[in-house]
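> here's a sequence, model it:
(one chain, ligands or ions: 1)
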Amino acid sequence: MANLEIEFCGVKMKNPVVAASAEPTLNAHNMTKCIDAGAAGVIVKTMSDSPDMRELTTRSKWRFLNERHEVCRGKVPRAFSLYGRSGLALETPDEYLPEVEKAVKHAAERDAVVIGSVGSTTTEGWVTLAKQMEGTGVPLLECNFGCPHPHMMPGVRTGMEVGQDFDYACEVTEAVCKAVSIPVMIKVTPQVTSLIDFAGRLKKAGASAVTLTNRFIGFVPDIETGKPLVYGQAGIGGPWVKPLTLRWVHNIRQHYKDELFIAGTNGAYDWRDLVMFIMCGAHIVEMCSAVMVYGYEWLGKQVAGLEKWMNEKGHASLSDILGVASDAAMPYSEMPREKAKVDPDACTNCGRCLKACFYQAMQQGDGATYVKTENCIGCGGCYSVCPAEGAINISLA
Ligand SMILES: Cc1cc2nc3c(=O)[nH]c(=O)nc-3n(C[C@H](O)[C@H](O)[C@H](O)COP(=O)(O)O)c2cc1C
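Predicted coordinates for the structure are as follows:
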């Protein structure tokens, strides 16, 4: 049987599945549901000292969108978007901390872990919240430098407003890491040019892990009304974002393999995505949007799916797959040269490959489709569009 345990920042997690900080972890009731569903960890909805960020949550609005970015009614497709506006935890810290304590107790009885999350608007505020959160008994703390909404709230300097200001983010990280004795994870915004140097600076400032990444900001109009959905620009994410996130997971693994733990989030839909995140270098994976579509049970189903896949593949533990795809990545200069080949027995001469070839390599003549080898650079477009199984293959030149 595969062992799904993973050690993350010195904390043992029974599996890599964590409920991300969001509405599914809004209070003790919700966190309990995530834990009972089988998640190894839950990250509390970000506790904040900003009245604006708390008040925003009282007017939360979101829609699940289909591939055309229209509002779904009923069936939510695999490639959905979650487009929405919401804030941080509803309660003041004094009101919220007892909720966290309840969840911590529940988790301890079930071999699960509650991870703190905080978001302030001042350095002193970050420190105060961090210490308060540590006082609940959480073994790890996430600082939310990625919340997209403050960007749309003039004067509210938290979330991605911190994550985009690298100097200030490092100042806050250092202050928080000095103030608490538990490991600190920094959840970053993807809306920056590069996270590579920043991650190194966060590490120097004391962070044990980076959480890659919070959500993007988008803007989606309704063509019937001519108005934006949910009244304006909003946070956006969904399973389609995954490759963008995995690129950062890969980059941070490449640069800081043994120096930083990685929590992946933003785009993990099911157990296959868990495998992808882990293969890119994520030690744990935080899930939110899919849970918001299918409910808490989704978390446990993905743990089971991951375990089944590991057993089928004969992987004894997550270390068998951790970072393997990342470590196998090649620079452009090392890519092998390849060519397309057509199997005349499988080819139906449909001509689809000719439409997708821009190097004049795919050709037809005498009732057959063939490759003009000297023109072929092995891009693979023909292979992808060919509807006849086995008719086109790409192999080393
Ligand atoms: C409605 C909603 C509320 C969220 N609230 C928070 C939050 O309070 N703190 C935080 O760090 N991230 C928050 N997030 C971001 C999620 O934790 C998560 O990182 C993000 O949704 C990407 O993961 P996913 O692709 O599984 O949804 C929120 C996301 C959504 C959709």
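
> now for the closest residue to Arg157 other than its chain neighbours, how many residues are close by?
Counting by Cβ to Cβ, 6 or more residues apart in numbering, Arg157 lies nearest to Thr121, which is 5.0 Å off, once chain neighbours are set aside. In short, each C-beta sits where N, CA and C put it, glycine included. Residues lying near Thr121 (other Cβ atoms under 10 Å) number 21.

> so who does Thr121 touch?
Contact partners of Thr121, counting by Cβ atoms under 8 Å, 6 or more residues apart in numbering, are Asp49, Ser50, Val156, Arg157, Thr158.

> let's see it at 7 Å
Residues near Thr121 by Cβ atoms under 7 Å, 6 or more residues apart in numbering: Ser50, Val156, Arg157, Thr158.

> now the helices: where do they sit in the stretch 201-350 of the chain?
Along the stretch 201-350 of the chain, the stretches classed as helices by DSSP state H, counting those that start in this stretch are 242-256, 271-280, 289-294, 297-313, 324-327.

> how about the residues of the stretch 101-250 of the chain near the ligand?
Taking Cβ under 6 Å from any ligand atom, the part of the stretch 101-250 of the chain that reaches the ligand is made up of Ser117, Asn144, Cys147, Lys187, Asn214, Arg215, Gly237.

> surely the last one meets Thr213?
Meaning Gly237. No - with contact defined as Cβ atoms under 7 Å, Gly237 does not count as touching Thr213 (9.5 Å).

> who touches both of these two?
Common contact partners of Gly237 and Thr213 (Cβ under 7 Å, 6+ apart): Asn266.

> which stretches of the stretch 101-250 of the chain form strands?
113-119, 141-145, 184-188, 209-212, 216-218, 221-222, 227-228, 234-237 (DSSP state E, counting those that start in this stretch).

> redo these as a markdown table? Include mean pLDDT.
Shown next, in a markdown table, are the strands of the stretch 101-250 of the chain (pLDDT from 0 to 100):
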| stretch | mean pLDDT |
| --- | --- |
| strand 113-119 | 98 |
| strand 141-145 | 98 |
| strand 184-188 | 98 |
| strand 209-212 | 98 |
| strand 216-218 | 97 |
| strand 221-222 | 98 |
| strand 227-228 | 98 |
| strand 234-237 | 98 |
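
> okay, those strands in CSV with mean neighbour count next?
As requested, the strands of the stretch 101-250 of the chain are exported to CSV (neighbours: other Cβ atoms under 10 Å):
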stretch, mean neighbour count
strand 113-119, 29
strand 141-145, 29
strand 184-188, 28
strand 209-212, 28
strand 216-218, 17
strand 221-222, 12
strand 227-228, 13
strand 234-237, 24
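
> closest one to Asp167 among the ones you listed?
With respect to Asp167, and counting by Cβ to Cβ, the nearest of those is strand 141-145 at 12.5 Å.

> show me what contacts Ala316?
Here Ala316 is in contact with Ala2, Asn3 (Cβ under 7 Å, 6+ apart).

> just the closest of the residues of the stretch 101-250 of the chain next to the ligand to the ligand, please.
The shortest approach to the ligand among these belongs to Asn144, at 3.9 Å (Cβ to the nearest ligand atom).

> one step back: among the strands of the stretch 101-250 of the chain, which is nearest Ala79?
With Cβ to Cβ as the criterion, Ala79 lies closest to strand 234-237 of the strands of the stretch 101-250 of the chain, at 12.0 Å.

> helices and strands around that closest one, which ones?
With contacts defined as 3 or more Cβ pairs under 7 Å, 6 or more residues apart in numbering; DSSP states H and E, the packing partners of strand 234-237 are strand 81-85, strand 216-218.

> in its sheet, what does it sit against?
With DSSP bridges as the test, strand 234-237 is paired with strand 81-85 (antiparallel), strand 216-218 (antiparallel).
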